[in-house]
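Participant: how does the following fold in three dimensions:
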Amino acid sequence: MVTLRKVKKSDRKYFAIWWNDKALRKVTSGRPEKIGDKEIDRYFLSLLQNKKDRHYIISVDNRVIGHQALRQNKNGWSAIDIIIGKKSDQGKGYGSKAIKQLIKKANKLGIKKIYLTVRPNNFKAINTYKKCGFYKVGIKRYPQNPYMSKLIRMNLKEK
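Facilitator: As a prediction, this is how the structure comes out:
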């Protein structure tokens with residue numbers, strides 16, 4: 001069973017593993033180099049202290065497999081981020097189930113306008129997002145970012 005729980009201090013170890021997995025970085029941040037402990041500590045602390053965003057650990061049968069966030073943005077929109085940490089846990093429907101749970105949580109909070117961004121070559125993720133009710137809106141360009149110069153924006157269909 002897929003469950004979500006709030007991120008806690010002891011979860012830092014998972015983030016260190018995920019953020020230093022070369023294949024995972026390729027489809028997320030795009031950074032080619034490893035991320036140092038100080039940077040991990042700084043980012044993880046900011047994640048824990050952030051009061052407006054919601055961060056969750058994804059577990060399957062009490063085994064941690066990933067991270068998911070619901071980030072509040074401008075104009076009433078909120079963004080979803082998700083990482084399934086191990087390749088062996090990908091492609092099993094866990095991500096879809098976690099996203100659907102997060103959407104339910106968002107709706108209970110009154111959040112209706114949800115979007116996400118994804119790399120154009122992350123075909124597995126794009127298919128997962130479509131299954132969860134997202135559709136392609138367009139391309140977002142970030143010319144100043146050498147690691148992610150182009151992302152697909154997908155919005156959640158309103159009910």
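
Participant: if you count contacts, what does the host helix or strand of Asp41 end up packed against?
Facilitator: Secondary structure assigned from DSSP states H and E places Asp41 in helix 37-49. Packed against helix 37-49, as judged by 3 or more Cβ pairs under 8 Å, 6 or more residues apart in numbering; DSSP states H and E, are the following elements: helix 12-19. C-beta: built from backbone N, CA, C; applies to glycine.

Participant: how far off centre is whichever helix or strand comes after the helix it packs on?
Facilitator: Sequence-wise, the next helix or strand downstream of helix 12-19 (DSSP H and E) is helix 22-27. The chain centroid and the centroid of helix 22-27 are separated by 13 Å under Cα atoms, centre = their mean, to the nearest Å.

Participant: on that earlier part again, would you mark the buried spots in the helix holding Asp41?
Facilitator: Residues Ile40, Phe44, Leu47 are the ones in helix 37-49 that count as buried (16 or more other Cβ atoms under 10 Å).

Participant: could you single out the nearest of the residues you listed to Leu109?
Facilitator: Of all those, the one sitting nearest Leu109 is Leu47; the distance, using Cβ to Cβ, is 18.7 Å.

Participant: so who does that closest one touch?
Facilitator: Shown here is Leu47, whose contacts under the criterion Cβ atoms under 8 Å, 6 or more residues apart in numbering are Val7, Asp53, His55.
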